[in-house]
Structure formats: C-alpha cells, structure tokens
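> Sequence unavailable; structure follows:
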C-alpha cells in the first residue's frame, strides 16, 4: 500500500484489509522471484505464508548452502519492533540474557519464559539503536509482549508483513555481497549488524544465519525487497548463487545443532498438555540464563529447578550407527527402558554421520549417558524394517566450519 | 394389555439413545411419544411444502461419536457435515468473520486488533485445556458424594486425579472458569468489543443469564466440548436437518426390535409401594412395565407425571427450584432465494456458517435486561444459519432454510401468557433485525415457523421452553444435576429413571445423558452393556 492509498483512519484500514480472504496464504515480498525460479511446485504453509519446501532439488539445494551461496526467504519469520526509553530494561525483564551487554549493532540469540520458567519461544534480538530493537521468532507473542510492557515506557509493533528478510548463506556469500557493492561488509564479525544504502533507502545486514556456515541475513522494507533480490542475484551469478527451500535449510540447521520451536520443543503458550512445557535447561538453553542480571521473567522458577534438581528433561545431540535417519524414533536405555524421543534427525552429508537431536527424560542423558539405543522404523516398499541402533551422546554442533567465524570472511 | 420391560417416556434424542442401548441389551423396550413424530427438540419437519426445517436444535457437534458407532447411526442414515465458520455483522457496515483456517482467522481478527489476533492462541489453548479436563466426565456417571459406595469413592478419586493432572495454575483457572462471567473471562484476553461479542455467544445460549452474569464462562466451555470427527470445537450440520439424528436413532432402535408409539402422551407414571408399575396414557390406556425411563425434563417428570405424594418433600422442593427458565425462542424461515448480506465479501464462506448481528457485549446485556423485565429483547441476540448452503436435502436448489435462534425470550410476557399477537410481534423483531443487514430479506420469505417458549413447551414438552432442560450453571452440574443424591439417573421411586438433559452432563444434542442412564439401568439389572463403548480417550 503506498502513501496515496494509505487509509485516513482505522475504520478505513480495517475495511481495506477485508481482502485478506482472497489470499488465505500470504505471498512474501520475494514471492514473484521465488515463483519464477520454482521448478517443482512444492509449497508449504509457514506461519500463514506460502513458502517453498524445495525449489528444484532438496539435495542440490543443500549443497548450494555448503558449497556456494544460497538465498532463503525468511520473511515469514515473526518480527516485532521494540522501541522506547525503557526498551533495554523491558527486554532485560522479558528475556533470559543480559540485554545490557548487547551493544548497538549486535544481535544475540535468546529465549523468553512464562512465570513458571517455561520457554515461550526462542529467537534473535537485534539492537538497532540505543532504544530500538527487533525481535525475530517463530510464534506470535504480541499479547504477551504488550502485557509484559505494563509499567515500562516502550512501544511494540508487529512488523512481520512490513519487513522482508532474506538469508544469504554459504561459503561464497561474502563474495556475493562484495560483488553487490556492500563495501565494508567484510568488517562484520559474527552477530554484527550494519546498514547499507539500497534502492533509495537502506538494508540492514547482520552476520547471522541458521546454517552454521558463513552467512548473512538482510532486512529491507517490503517495497525494496525485489530490488534487493535482483541485486544479490545478479552479483551472485558468478558465485553459484541458488534459491533454496526449507528442506535443505533444515538439514544444515540440524548439522549446526540449532533447535526449532514446536519441532524440538513445545512452546509454553501452545502446549495443551501440562507436561509438555520445558524449562530452558531442559532444551539446551541453560547457557542463555544469566542469573546475575536483574530480574527476568521465570527467573525464580528456573533457579529453583536448578537448586532443587527438579529438571526433568535434557536435550542432547546423538550420533547413531548406520545411515538411516532416526526421525521421531524412541530412544531406549539398554535397549528396553524408554529414555526419550528424537526430535530431528538426518544423515549429515558434510559430517558423513547419522545425527540427531533428542529430548531425554532425566536421569537419561545426565546420569545415564551410555548404552542408549534408538528404535528406527524405516518404511521400505510398504514394509517396516525395524532396527535397534546404538546411539552415542555427542556435543553439538555436529558440523563446525572455520569459515563461519573467519573475519574477514573468505571469498569461497 | 401389552407388557414391556422398559417404557421410555418421550422420544427425544436421549430417550431414543437409552431405548436403543436397552433394546440391544436384550430388554423389551417401548418409546411413548406424545407427538405424531419422534425427535423431541431434534426434529426436521416439513411445515410448508418443499422445505424441511431443523425446528429446534440446529447444529451438531456435541453428539458423542461413541454413541453414533454403538447404535450404528451411520448405517441408519446419519451424516454430520462440518461447516466453515461464520460472522458477526457490525452496525457500521463491516463484519468480523471466523474461519477454519488458522491464519485466515488470525488475519481477520487482526483487522480489528493485532493484539487480539495473537491473543486468540492463548485463549484457544486455555479453553481447550479445560475441555480436555471435562470431556472425559461427559460419558461417566457423576459420583454421588453423599453415598459411600466403592464406585462413588472411585469416581470421586477419578475426578480428583484428573484435577491433580493440572498444574496449580490450571486448577485455579478451572475454578475461575466455572464461576466467572463470560464477559470478565474474555476481558482477560481481548480488547475488541466485536471479538468479545462473537466469542460470548456460546456463553449465553440457552441460558437465562447475561454475558456479565457469573457462571456464563462454563456455558461457553459446554459448547466448545463437541467435535466433528475428532476436530474438537468444530460444529456441523446433520444432513437432512437435526431430525436426521433422531430418525437414525429411531431406525436403529426399530431395527433392534424396539417399539415406538407416537400420539401416545403419558398422563401419569404409576407407582405402588415406592416402585413404579407402568404408565397411563392420556387416552386412558394403561401400559405395564418393570421400569420406566423419563426423557421428559425433571420438572415435568416429577411435578406433573408422578404423584408428589410418592416423593420425599425435600426432593420435590429441589426439583421445584431447579432453574429451568425459558430464555430463548426460535424462528424458522423458508426463503425462495439466498439472502444477500452486502457487508459480506463476495464468495465469503461466512454465509455457510453462523451469522450474528450483535456486535457488542453491552448490546447482549441490554437484550438480557429486557428479559428480566419480562419482555422479549427489542434488540435480540440472533444465532442464525442457512444449513441449505451445505445440505442439498432440505429444500430444492436455489431455495433456502434459515434457522434463527433468538435470545432473549421470556416464558411469560410481563407476567401474562403469550398471545398470538405477541408471537407475531416477536417474529417481526427478528425479521426486522435481519432486514437491517439484508435488504429485501422480507420479500424472500415463503413461510415462517415462530416458536416462543409457549410453543416449545406445548409442542416439545420442555418446561418454560428451556432448551437444556435446566440451566448449565455450576450449581446445577455434576452431582448437583438435577438434584443432589439423585444425579445418577435414578429417582426416589424404584424402577423410575430419568435420562434427559436435566441429568449429567446436561443439554445439547449430545446423547451422553441417555447413554449414561442406560448404563446405570443395566447395572441395576445386573446385565453387562456389551454394545456400549467406553468414552474415547482424550489423548
């Protein structure tokens, strides 16, 4: 909607928005480019948006991330703009990490909890200015964020539709940005943010990503999304740039050991069953909790659980013998005692190992770490082949790439 | 003189469910129905040529799938078709729609408030959590805390254990849910009036309370507990109208060898020495049976059909004070074409769902104020549907049946009986409101059936026309429904049982009271209910 058709008041805006029913699946600002590149018509619903599961070939898309440069549309990610005199204090109360330690021009990964210490979501917090932040996450939390703002001088706006985001990931991603004329981008260290001129406005580039590889995420107002895409695409021509879907990205995020809300854990606001919610320490996010910072939501519950040793689950990385991915397999101790569930699993083409992320019920995974097994049911031509495979707890990430952190970054 | 094992007084859905189970358990059962047709408040009658109405109840969700399967209702013609959503049309010419699609629903709410749109998730989660707690209780006999039989203690423990699965926060929420007003409850989640008004409808339907009255939050829960094929909270149309439910039940019962007698109004239920012996019909005919099961509401059963001299005084006192106040009416309209609602976008699925015209809680509460003064609401809350948009069997192509549930509507008009003139004025109020949003609506009307509490009581037999055979407030639920000490479908008279919506778990075309009553009767007869499934697990 441009300035000329901008509605005069809230009622007109509400009427204008009626047409949403014509597009029950929203198209992202990059959709025209994705649709043009799409060869397989394999779309899925990502938070109400039409998003590609794959664009041409999941396996080849994976190798674009690990070998050249891949463009992945992250516009459907839920985005909130949080600004105001109390923004830092507000976010420090909301989230687990110490926001005072997050300088302007930096991003950090964080999570936030309800009063019982149960994780509501995880996400990335961008400090765009002294009093200005962007919070990116999987689920929608506006009512939680606004309720939490009681008593703080802070303004919170949901800007998911207004802001387009694209991840550029892979060993030649820096080369693409350099070729595209983003001078100075080489100075960005992991989790740095900078703004650059683009199409009469600016683009915010952060050295972040979900792949465990060298990579960047770029954010622009939706109006300049296509020109940004074209700029990257043209620049990437000699650097093997490809557009990819979620299936390939998911493989790399498992290799990097990252978790996904409502895939590897159930968010506290979504859980119908009281025992499905998780404390940060139960999903491998204990390192985010900063007990020394001022009070944050859920602090007492998390620290009590630690002190009283009432943590009930633990998230672990598993390496499983053989080559059959163990997705959603049950984990056993000594081959018979149920110990937990695999939440994500792939054969890792880069590590050449069969890897998995699993949620175990303590003391499995804490006191009992040996003699773990997973039961894999592989459907092969309408017959389950049942396998009991040995699993070993290994540290995450499963794949660690030096190029992810090298500064200045390599060109390939 | 004919002899039966069991006589069921009244052929409503619960009576037919009880009859079906008992007949299949090997008993000789007869259903005695005062009207010339069975169905009670779940009927589809052709009152004008070419149009089938759902005369009373009009949507299906609560009817328990276990019963449909046990009594083989699909084989006897029952199909329930899910519908798509609905809308409230607002006075400023806009609307608020609801959609089955999660994201469309959120974006629609976001037109009014982004905050409310995102708060809906938390609301739906909290309501669903409470439903998951209550749903398993529907198909169980409520414990009698006054009896100390092992079964009652076991049931109380079951309740306590269910409750124990909750976190302290959820327990507190449960108590709040059972006691709060729907308006206060919604205020904790939403800021937009029309959103609250839409969600509040389920909290007041069939209840002589306003949205600001404590206890209405539970009524919402009651309406959320249904499902269509496992989709919890979904509503559907019975193909062929709600009469299809009772037609299938009757067909199943007859196929099992049961007897249905229509135009057989029961005048008295006999008892001798504290034990029932049978009934006498209005015609004077006497029918003997060992057991009598009344599908009539608790007031009609014990204050009209049974000699009060045979009942304990305190029991009678409690029955007399059981709240069963008439609060609603029904207008069924035959239309020669699909009404237009210019506010709704072309091609919107809303027209195939529930349509409403009350866009604020305050208007609902004012509508209730009229009822308190003994008048029907000048600006009523309508719950309307056009099931023929999805069901091709009720009329011919292009023609439509519109069902209008109307609240509030008093059992007496300013203390006096309803007159035909009152009824015509009441209908005009309804048609007037619809016409405000649908130009030309009047011209499409072919025929109308207007039912005030007077007609509902006279035709269906519901005391004061109360659709739930007793209000669904917490003081009248579980072991307090209908009377403490008599919540297990039995009565002070041996061999006399009750199986209607006056009993646990209450109203709506659910069938659970009828099924639970059959279970208790078979238990007393020391027969095993072979063909009765346990309640489906809530997993």
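Looks like it came in fine. Quick caveat: nothing in here was measured; it's all calculated off a predicted structure.
> From now on I want contacts and neighbour counts done on CA atoms only, so please keep to that.
Will do.
> any weak-confidence spans in chain A?
A:1-8 (pLDDT under 70).
> near chain B, which residues of it show up?
Residues of chain A that fall close to chain B, judged by Cα under 8 Å from any Cα of the partner chain: A:13-15, A:17-18, A:20-21, A:24-25, A:47-48, A:140-144, A:146, A:158, A:269-274.
> Quick check: phi and psi on residue A:385?
phi -100, psi 120 (degrees, to the nearest 10).
> How much space separates the spatially closest residue to it that is not a sequence neighbour from chain B?
In this structure, residue A:385 finds its nearest non-sequential neighbour in residue A:378, 5.1 Å apart by Cα to Cα, 6 or more residues apart in numbering or on different chains. For residue A:378, the distance to chain B (Cα to the nearest Cα, to the nearest Å) stands at 25 Å.
> Quick check: residue A:378 is in a strand.
Yes - counting by DSSP: H, G, I helix; E, B strand; the rest coil, residue A:378 is part of a strand.
> show me what contacts it?
A:324, A:384, A:385, A:386, A:387 (Cα atoms under 8 Å, 6 or more residues apart in numbering or on different chains).
> Which among the residues of chain A next to chain B count as buried?
Buried members of the residues of chain A next to chain B, scored by 16 or more other Cα atoms under 10 Å in any protein chain shown, are A:14, A:18, A:21, A:24-25, A:47-48, A:140-144, A:158, A:269-273.
> before we move on, the earlier item: in helices, which of the residues of chain A next to chain B appear?
Under the assignment DSSP state H, the residues of chain A next to chain B contribute A:13, A:14, A:15, A:142, A:143, A:144, A:146 to helices.
> The stretch 151-300 of chain B: helices as residue ranges?
Assigned by DSSP state H, counting those that start in this stretch, the helices in the stretch 151-300 of chain B fall at B:168-179, B:182-187, B:193-204, B:216-224, B:243-255, B:298-299.
> Could I get these in JSON lines, plus columns for mean neighbour count, mean pLDDT and distance to residue B:96?
Output for the helices of the stretch 151-300 of chain B, formatted as JSON lines (neighbours: other Cα atoms under 10 Å in any protein chain shown; pLDDT from 0 to 100; distance: least, Cα to Cα, whole Å):
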{"stretch": "helix B:168-179", "mean neighbour count": "16", "mean pLDDT": "84", "distance to residue B:96": "25"}
{"stretch": "helix B:182-187", "mean neighbour count": "20", "mean pLDDT": "96", "distance to residue B:96": "16"}
{"stretch": "helix B:193-204", "mean neighbour count": "23", "mean pLDDT": "95", "distance to residue B:96": "7"}
{"stretch": "helix B:216-224", "mean neighbour count": "25", "mean pLDDT": "88", "distance to residue B:96": "19"}
{"stretch": "helix B:243-255", "mean neighbour count": "25", "mean pLDDT": "98", "distance to residue B:96": "31"}
{"stretch": "helix B:298-299", "mean neighbour count": "25", "mean pLDDT": "97", "distance to residue B:96": "39"}
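> I'd like to know which of these is closest to chain A.
For chain A, the closest of the helices of the stretch 151-300 of chain B is helix B:168-179, at 8.8 Å, according to Cα to the nearest Cα.
> Helix B:216-224 and that closest one, what's the angle between them?
100 degrees (axes from the mean of the first three to the mean of the last three Cα atoms, to 10 degrees).
> can you list the residues that contact helix B:168-179?
So helix B:168-179 is in contact with B:130, B:163, B:185, B:214, B:215, B:216, B:217, B:218, B:473, B:474, going by Cα under 8 Å, 6+ apart.
> so can I have a markdown table of those residues showing distance to residue A:236?
Listed next are the contacts of helix B:168-179 as a markdown table, based on distance: Cα to Cα, whole Å:
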| residue | distance to residue A:236 |
| --- | --- |
| B:130 | 54 |
| B:163 | 60 |
| B:185 | 55 |
| B:214 | 64 |
| B:215 | 64 |
| B:216 | 62 |
| B:217 | 58 |
| B:218 | 60 |
| B:473 | 67 |
| B:474 | 67 |
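> quick one: which of those is nearest residue B:444?
residue B:216 (36.0 Å; Cα to Cα).
> residues touching the closest one, list them.
B:179, B:180, B:181, B:182, B:203, B:204, B:209, B:210, B:473.
> so residue A:310, which of the three states?
State at residue A:310, reduced to three classes by three-state DSSP: coil.
> check contacts around residue 104.
Unless you meant another one, I'm taking chain A. With contact set as Cα under 8 Å, 6+ apart, residue A:104 has these partners: A:127, A:128, A:129, A:130.
> let's do chain B instead
By Cα under 8 Å, 6+ apart, residue B:104 lies in contact with A:20, A:21, A:24, A:25, A:48.
> contacting residues for the residue nearest in space to the middle of chain A?
A centroid search over chain A (Cα atoms, centre = their mean) returns residue A:210, at 5.8 Å, as the residue closest to the centre. For residue A:210, the contacting residues are A:249, A:252, A:253, A:256, A:258, by Cα under 8 Å, 6+ apart.
> Does it belong to a helix, a strand or coil?
Judged by three-state DSSP, the three-state class of residue A:210 is coil.
> one step back: which ChimeraX command selects the buried ones in the contacts of residue A:104?
Command for ChimeraX, covering only those of these found buried under the criterion 16+ other Cα under 10 Å:
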select /A:127,128
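> Tabulate the contacts of residue A:104 (a markdown table), appending secondary structure and distance to residue A:152.
Listed next are the contacts of residue A:104 as a markdown table, based on DSSP: H, G, I helix; E, B strand; the rest coil; distance: Cα to Cα, whole Å:
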| residue | secondary structure | distance to residue A:152 |
| --- | --- | --- |
| A:127 | strand | 18 |
| A:128 | strand | 19 |
| A:129 | strand | 18 |
| A:130 | coil | 16 |
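> Pipe the contacts of residue A:104 into JSON lines and attach distance to residue B:346 per row.
Shown next, in JSON lines, are the contacts of residue A:104 (distance: Cα to Cα, whole Å):
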{"residue": "A:127", "distance to residue B:346": "45"}
{"residue": "A:128", "distance to residue B:346": "43"}
{"residue": "A:129", "distance to residue B:346": "46"}
{"residue": "A:130", "distance to residue B:346": "48"}
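> does residue B:333 have beta-bridge partners, and which?
Going by DSSP bridges, residue B:333 is paired in beta bridges with residue B:402, residue B:448.
> Give me the phi and psi angles of residue A:217.
Torsion angles at residue A:217 (phi, psi; degrees, to the nearest 10) stand at phi -120, psi 130.
> Share the number of residues neighbouring it, please.
By the criterion of other Cα atoms under 10 Å in any protein chain shown, residue A:217 has 21 neighbours.
> From the chain's centroid, how far away is stretch B:314-330?
Mean C-alpha position of stretch B:314-330 versus that of the full chain (Cα atoms, centre = their mean, to the nearest Å) differs by 16 Å.
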